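Visitor: structure for the following, please:
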Amino acid sequence: MKSNNFLENKYFFILFFTYFIIGNYIVSDYGISVDEEFHRYSGFYWLNYILQFTQFDELRLAVITKLNAINGHTLPNPSNYPFYGVTFDLPLAFFETIFELNESRDVFLLRHYLNFFVFFLGSIFFFLILKNRLKNQKIIYLGVLLYITSPRIFGDSFYNNKDIILLSFLTINIYYFFKTIDNLNTKNTIFLSIISAFTTSTRIVGIFIPIFFIFFLIISKEKRGIKKKLRKILFFLIFFFLFLILFYPYLWANPLVNFLNLLKIFSQYPIEFEMLFNNYYINTKYLPLSYVPIWMLISTPIITLLLFFFSYLKLIQRFFKRLINIDTHNAFNDFWRGNNEKKDFFIFLSFSLILIYIILSNTLLYNGWRHLYFLHVFIIYISCLGIYRISVILKKNNFFYIIILLGIIFSVFEIIKFHPFQGSYFNKLIYTKKKNHFEVDYWGLAGKRFFEEILSKEKKKEKINIGVASYLPLERSLKMLNKEKYKRFVIVGQNYSDADFIFNNNISEVNKKFDNKYAIPERFKLINEFNINGFMIYQIYQKK
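Guide: Numbering: from 1, shown residues only. Below is the predicted model of the structure:
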């Protein structure tokens, strides 16, 4: 037994230590995403809001100075649209102030390091989830590798401080949900209420965990009576809302009204524009029902898709079989038989209902399915159940595990191939002719590489004027350069007559087929096109 524990600890250390070292080594390769400046602003806005209730006048003055220096963010100002959670942004604003970080490159590198660390922490909790449910060491480690080597998730883990942060906290949340399934004692209930509040304060969609906790408690056929269940629910809700208010400054002024506002705003985001999807420009307000399924299909590794669909169909089959045979007098014919099946049912039901709601409710989504990246933990969990089911059928044949490992190794090669643009990854389901029928670098990470390429071409010119044939706010990418390089560039936007070079990609808020806002003038010639695996990331045009 001791030998097995030693081996398990050894493999655990090797896997996560290696992953941590690789992450920290490559974190500086990534550019700045288009939303990061806003979230930095949001962090300082709410830090200033909190400090006004304290006597830390010197600290608040430093925060106000930082706040006033930030400009050019795209999203609505927090004073007019205060609904964004600040569980990540607010602590970072505090760190930036305390450590007196003034160089923009240092500021965003800190954000990227901590973004990766939160995802790294979430991956450890996913390991604990699988260990809690499956016990099979091979499947646990294969599952963790599937979790961290999905190329888009891997890339976004360094800069996506909304969707990946939510995914990470939700993963931790599910672990504590499983703990309450195993033992619904006071300690586990309090821990679940705290992390549920933290997840919900990151993004309001996290509210489904408390809802499902109450739902599962009510429908469970256990010895405790209705009065005991109501006491447990009340106990959980009191702690949940206390911590939610604590973690969410927006709720401080008027908790009940503002909480109801959060629920309303979930599917009513105010910004709408045109996006390139399957070679058509579509308005974000009128997404086809196929939008989310297609994006999930073409940007998830095929090995994960195969395992997921096999397992998901089995879960559907079991669900309807239990539904048909359900008997209020016989707990054996319930939706689950034992805690493990209860955990599977929670994952299956959560994934299914959330996805159906998002597709049918006409919820505003942007840039693929990144707003639903939190579903990644459900997808990989269900895929791991698929590995388990197939391994039982094949009597734990090691050859099957090798096939899964080869699929993971292929994903690693894709991560290396697309680096540092894993957020632009597509799988082999995309035909070659359709490779540029979808938005690719919608985060705007390519700006950093573009400026470095221009600098290599123009080593002597003091001022380089850059035109932008894209909706991308290219000037933000300059902040990943040092000041000496930063000052050499002047962004002239669509004033192409003043430009020496023009940056072009497929990101547009207007239909390029009918609107010539970003049309390249004839006096400019294409001098380079940077693409990965046939996907155009950006083009450089130079004045003739």
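
Visitor: need phi/psi at I466.
Guide: phi -120, psi 120 (degrees, to the nearest 10).

Visitor: please parse this protein into its domains.
Guide: 2-30+112-263+290-403, 39-102, 446-543 (automatic domain parsing).

Visitor: TSV for those, including distance to E272 and mean neighbour count?
Guide: For the C-beta atoms, the positions are set from N, CA and C on the backbone; glycine is no exception. Listed next are the domains of the chain as TSV, based on distance: least, C-beta to C-beta, whole Å; neighbours: other C-beta atoms under 10 Å:
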stretch	distance to E272	mean neighbour count
domain 2-30+112-263+290-403	7	18
domain 39-102	13	17
domain 446-543	9	17
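
Visitor: of those, which is nearest N279?
Guide: N279 lies closest to domain 446-543 among the domains of the chain, at 9.5 Å (C-beta to C-beta).

Visitor: what about that closest one, how long is it end to end?
Guide: Using C-alpha to C-alpha, to the nearest Å, one end of domain 446-543 lies 21 Å from the other.

Visitor: and the host helix or strand of S123, what other elements does it pack with?
Guide: S123 is part of helix 104-133 when elements are defined by DSSP states H and E. The helices and strands touching helix 104-133, judged by 3 or more C-beta pairs under 8 Å, 6 or more residues apart in numbering; DSSP states H and E, are helix 2-26, helix 36-51, helix 89-98, helix 137-148, helix 163-182, helix 339-360, helix 376-393.

Visitor: need the ones you listed in TSV with mean pLDDT and distance to L455, can you?
Guide: Shown next, in TSV, are those (pLDDT from 0 to 100; distance: least, C-beta to C-beta, whole Å):
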stretch	mean pLDDT	distance to L455
helix 2-26	84	21
helix 36-51	95	22
helix 89-98	96	27
helix 137-148	96	33
helix 163-182	97	30
helix 339-360	93	42
helix 376-393	96	36
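
Visitor: right, so of those, which gets closest to Y486?
Guide: Nearest of these to Y486, taken as C-beta to C-beta: helix 36-51 at 14.6 Å.

Visitor: what's the closest one in contact with?
Guide: Contact with helix 36-51 is made by 59-60, 63-64, 66-67, 70, 72-75, 78-79, 84, 86, 88-94, 96-97, 107-108, 111, 159, 161-162, 249-250, 476, 479, as judged by C-beta atoms under 8 Å, 6 or more residues apart in numbering.

Visitor: quick one: low-confidence parts of the chain?
Guide: Across the chain, the ranges flagged by pLDDT under 70 are 1-8, 221-224, 266-271, 326-333.

Visitor: does H371 touch M296 like I think?
Guide: No: using C-beta atoms under 8 Å, H371 makes no contact with M296, being 11.9 Å away.

Visitor: give the contact list for the closest residue to F243 other than its chain neighbours.
Guide: Of all residues not flanking F243 in the chain, A197 sits nearest, at 3.6 Å (C-beta to C-beta, 6 or more residues apart in numbering). For A197, the contacting residues are F239, F240, F241, L242, F243, L244, L246, F247, by C-beta under 8 Å, 6+ apart.

Visitor: which residues in the stretch 151-300 of the chain form helices?
Guide: 151-156, 163-182, 186-202, 208-219, 226-247, 255-265, 291-298 (DSSP state H, counting those that start in this stretch).

Visitor: make TSV out of these and add distance to L526.
Guide: Putting the helices of the stretch 151-300 of the chain into TSV (distance: least, C-beta to C-beta, whole Å) gives the following:
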stretch	distance to L526
helix 151-156	27
helix 163-182	34
helix 186-202	42
helix 208-219	48
helix 226-247	50
helix 255-265	43
helix 291-298	27
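
Visitor: closest to E453 out of these?
Guide: Nearest to E453 among the helices of the stretch 151-300 of the chain is helix 151-156; the distance by C-beta to C-beta comes to 20.0 Å.

Visitor: and that closest one, what does it pack against?
Guide: helix 163-182, helix 398-418.

Visitor: which of the ones you listed sits closest to W336?
Guide: helix 163-182 (9.7 Å).

Visitor: just to revisit the earlier point, how far does the helix holding S123 sit from the chain's center?
Guide: The chain centroid and the centroid of helix 104-133 are separated by 11 Å under C-alpha atoms, centre = their mean, to the nearest Å.

Visitor: that one versus helix 137-148: what angle between them?
Guide: Angle, helix 104-133 to helix 137-148, by axes from the mean of the first three to the mean of the last three C-alpha atoms, to 10 degrees: 150 degrees.

Visitor: dump the helices and strands packed on helix 104-133 to TSV, plus distance to M536.
Guide: TSV is the format used below for those (distance: least, C-beta to C-beta, whole Å):
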stretch	distance to M536
helix 2-26	23
helix 36-51	24
helix 89-98	32
helix 137-148	28
helix 163-182	24
helix 339-360	29
helix 376-393	26
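
Visitor: so which of these comes closest to K544?
Guide: Among the helices and strands packed on helix 104-133, if distance is taken as C-beta to C-beta, the winner is helix 36-51, at 34.2 Å.

Visitor: mind saving the C-alpha coords of that closest one as PDB?
Guide: Output in PDB follows, covering the C-alpha atoms of helix 36-51 (Å, rounded to 0.1, in the frame of the first residue of the first chain):
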ATOM      1  CA  GLU A  36      -7.200  42.800 -20.500                       C
ATOM      2  CA  GLU A  37      -7.000  46.600 -20.200                       C
ATOM      3  CA  PHE A  38     -10.600  46.800 -19.300                       C
ATOM      4  CA  HIS A  39     -10.300  44.200 -16.600                       C
ATOM      5  CA  ARG A  40      -7.200  46.000 -15.200                       C
ATOM      6  CA  TYR A  41      -9.400  49.200 -15.100                       C
ATOM      7  CA  SER A  42     -12.200  47.300 -13.500                       C
ATOM      8  CA  GLY A  43      -9.900  46.000 -10.800                       C
ATOM      9  CA  PHE A  44      -8.700  49.500  -9.900                       C
ATOM     10  CA  TYR A  45     -12.300  50.900 -10.100                       C
ATOM     11  CA  TRP A  46     -13.500  48.400  -7.400                       C
ATOM     12  CA  LEU A  47     -10.300  48.700  -5.300                       C
ATOM     13  CA  ASN A  48     -10.900  52.400  -5.200                       C
ATOM     14  CA  TYR A  49     -14.600  51.700  -4.200                       C
ATOM     15  CA  ILE A  50     -13.500  49.500  -1.300                       C
ATOM     16  CA  LEU A  51     -10.700  51.800  -0.100                       C
END
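
Visitor: now do the helix or strand following it: distance to the chain's middle.
Guide: Toward the C-terminus, helix 36-51 is succeeded by helix 57-69 as the next helix or strand (DSSP H and E). Chain-centre distance of helix 57-69: 30 Å, with C-alpha atoms, centre = their mean.

Visitor: swap in stretch 139-149?
Guide: Its chain's average C-alpha position is 17 Å from that of stretch 139-149, according to C-alpha atoms, centre = their mean.

Visitor: could you dump it to CSV, C-alpha only?
Guide: Extracted as CSV, the C-alpha positions of stretch 139-149 are listed here (Å, rounded to 0.1, in the frame of the first residue of the first chain):
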residue,chain,number,x,y,z
ILE,A,139,-7.5,7.1,-16.2
ILE,A,140,-6.9,9.8,-13.6
TYR,A,141,-3.6,10.9,-15.2
LEU,A,142,-4.9,10.5,-18.7
GLY,A,143,-7.9,12.7,-17.7
VAL,A,144,-5.7,15.4,-16.3
LEU,A,145,-3.6,15.4,-19.5
LEU,A,146,-6.8,15.7,-21.6
TYR,A,147,-7.8,18.7,-19.3
ILE,A,148,-4.6,20.6,-19.7
THR,A,149,-3.7,19.8,-23.3
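
Visitor: for S424, which of the helices of the stretch 151-300 of the chain is the nearest?
Guide: Nearest to S424 among the helices of the stretch 151-300 of the chain is helix 151-156; the distance by C-beta to C-beta comes to 8.0 Å.
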